[in-house]
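Student: Following is a predicted model, sequence given first.
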2 protein chains.
Amino acid sequence: MERVPVLKIGDILLVSIQVDMADQTALQLQEDLAERIVATGCHGVIIDITALDIVDSFIGRMLSSIASISKVLDAETVVVGMRPAVAITLVELGLSLNGIRTALNVERGIELIAAARGEDDDLDIDLTDAEPASA
Amino acid sequence: MERVPVLKIGDILLVSIQVDMADQTALQLQEDLAERIVATGCHGVIIDITALDIVDSFIGRMLSSIASISKVLDAETVVVGMRPAVAITLVELGLSLNGIRTALNVERGIELIAAARGEDDDLDIDLTDAEPASA
C-alpha cells in the first residue's frame, strides 16, 4: 500500500501528496497525521498539492477531514501549491474546500500558521472549537 | 509524466520522492532542482526517501548525480529518511552512495546543511530573510 510520508520541520508537519489517493491511502494519511500531531505536539499541518493535476470531491473531502481532525488536535491546516488549473476546476465543479486555509507556497503557509497561532495567543479556552466537526 | 515537486523552505529546497523514478522523471527532477537552485540561490537540497522501499543502483546514481550537480551550483545535498531495511540492502548490495551525506530526518538534515555552510543556524527557519518564492 502506498503511504504518504509526514515530515516534521520545526513546529510544522509537512505532507506532499504525489500519489493517487485511494481510500486506504487517504485513511492511512489521516491516521498518520493525527498520531504525529499528538506525538510531536506540532501546531501546524501543511499539505502540498503541487503534484496534483486535479482535486475532485474525494480529495476535497479528505482535505476537509484532515483539517477538522487537526483542528480538534489544536493544529492549523494549510493547503499549499494549488495549480491555477486546479483552482479553476474546483470553482467550475462548485466544490468548496470547507474550513481549509490555502496559501501560495510552503513559506506563505508557514507564515499563515504562525499568524493564526499568534491570534490564538490569548488563553481563551473556547470549547465550541473543540467539538469534532466531521471525523 | 510524473513530476516530483520541489518545495522551497527558507534557504533549502526539499524534495520528497514517492513515485517510481523512471528515467524521464529522474532527469526532470535533476533539471528542476538545478533550475530552482539557480533561481532561488538556495544553499541546501534535502531529499526525503521515507517512502522508498528500495534504493537500487539507478536511484543511487540519481542521488549521486543530484549531489554533484548541486555541489557545482554551491548547494549541499543531504538524503534523509532512509529506512533501516533500505540501509541494510544498500550495504548487502555493495552500493555506496558516493558523495552523498545522509541524516536521520529533515530537521537533522537542515542542521547538517547549516553546519556544512558554517552558519550558526538553529532549527528556526527565519522567513524574514527569505526571498519571495518563485512558485
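Tutor: That came through, no problem.

Student: What ranges does chain A have for its helices?
Tutor: Remark: helices of chain A, listed N- to C-terminal, are A:23-40, A:57-72, A:84-93, A:106-119; assignment by DSSP state H.

Student: is any part of the last one close to chain B?
Tutor: Yes: counting by C-beta under 8 Å from any C-beta of the partner chain, contacts between helix A:106-119 and chain B involve A:106-108, A:110-111. Every C-beta, even on glycine, is put in place using the N, C-alpha and C of the backbone.

Student: Point out the residues in chain A that sit beside chain B.
Tutor: If contacts are counted using C-beta under 8 Å from any C-beta, the residues of chain A sitting beside chain B are A:2-5, A:7-10, A:14, A:16, A:18-19, A:48, A:50-51, A:81, A:104-108, A:110-111.

Student: Quick check: which ranges of chain A have low pLDDT?
Tutor: Along chain A, the model assigns pLDDT under 70 to residues A:1, A:119-135.

Student: Spell out for me which residue occupies the centre of it.
Tutor: The structure's chain A has its C-alpha centroid closest to A:Thr77; by C-alpha atoms, centre = their mean the separation is 4.0 Å.

Student: Just list the residues touching that one, thanks.
Tutor: Taking C-beta atoms under 8 Å, 6 or more residues apart in numbering or on different chains, we find A:Thr77 in contact with A:44-47, A:63, A:66-67, A:70-71, A:100-101.

Student: picking up where we left off before, now, the residues of chain A next to chain B that are in strands?
Tutor: Among the residues of chain A next to chain B, the residues falling in strands (DSSP state E) are A:7-9, A:14, A:16, A:48.

Student: Show the buried residues in those.
Tutor: Under a neighbour-count criterion of 16 or more other C-beta atoms under 10 Å in any protein chain shown, the subset of these counted as buried comprises A:7, A:9, A:14, A:16, A:48.
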